[in-house]
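Undergrad: Would you be able to build a 3D model of this:
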Amino acid sequence: MAQKTRCMTLDACVLMMARDAEDYITPCVMAVAPHVKRVRIFIDSRSKDNTYAQALTLMARGTNIEMKEFKIENPRVDLVAIRNAMMGFPEKWGWIVDSDEYHYEIPELENDDAYAFS
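TA: The predicted structure follows:
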């Protein structure tokens with residue numbers, strides 16, 4: 001039986017904006033968090049589902065997970081402010097990940113190294 005090796009932690013910060021992402025945010029964050037120094041989740045205040053509550057739960061589960069809610073009143077201005085706030089991180093690399101960028105198992109992909117992105 002092949003033995004799986006552990007991945008090293010990258011000197012990277014995952015930067016994620018989330019709005020109405022309750023179906024994907026938990027598996028998405030849990031897929032990347034073990035491999036990076038930090039995950040920063042920026043919640044859009046217009047989110048109407050349980051995205052905020054799930055982000056709080058994720059923070060309790062992982063010591064490298066942070067969350068901030070941004071009040072969005074004027075999307076043209078405020079979404080730019082979120083993007084600009086995302087860019088301030090001390091890690092060597094920033095990795096922008098969409099909060100829905102996670103795919104449940106796809107039977108056609110049998111190789112453990114295969115990934116699918118939308």
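
Undergrad: Can you give me the buried ones in the lowest-mean-pLDDT helix or strand in the chain?
TA: One helix or strand of the chain scores below all others by mean pLDDT, DSSP states H and E: helix 75-86, with a mean of 86. Neighbour-count burial for helix 75-86, counted by 16 or more other CB atoms under 10 Å, picks out 78-79, 82, 86. Where you see a C-beta, it was placed from the backbone N, CA and C, and this is true even at glycine.

Undergrad: That helix - contacts with which helices or strands?
TA: strand 10-18, strand 36-44, strand 65-70 (3 or more CB pairs under 8 Å, 6 or more residues apart in numbering; DSSP states H and E).

Undergrad: mind listing what the first one pairs with, with the direction of each?
TA: In this case it means strand 10-18. Next to strand 10-18 in the sheet, as set by DSSP bridges, lie strand 36-44 (parallel), strand 93-96 (parallel).

Undergrad: okay, the ones you listed, which one's buried deepest?
TA: strand 36-44 (a mean of 22; mean count of other CB atoms under 10 Å).

Undergrad: ok, and the closest non-adjacent residue to residue 83?
TA: residue 17 (7.8 Å; CB to CB, 6 or more residues apart in numbering).

Undergrad: With residue 27 instead?
TA: Spatial nearest neighbour of residue 27, excluding adjacent residues (CB to CB, 6+ apart): residue 102 at 4.7 Å.

Undergrad: Am I right that the one you found sits in a helix?
TA: No. Under DSSP: H, G, I helix; E, B strand; the rest coil, residue 102 sits outside any helix and is assigned coil.

Undergrad: thinking it is in contact with residue 28, fair?
TA: Yes. Residue 102 lies in contact with residue 28 (CB atoms under 8 Å); the separation is 3.8 Å.

Undergrad: between these two, who's got more neighbours?
TA: residue 28 (24 against 21; other CB atoms under 10 Å).

Undergrad: average pLDDT for the helix or strand containing the more buried one?
TA: Using DSSP states H and E, residue 28 sits in helix 25-32. Helix 25-32 carries an average pLDDT of 91.
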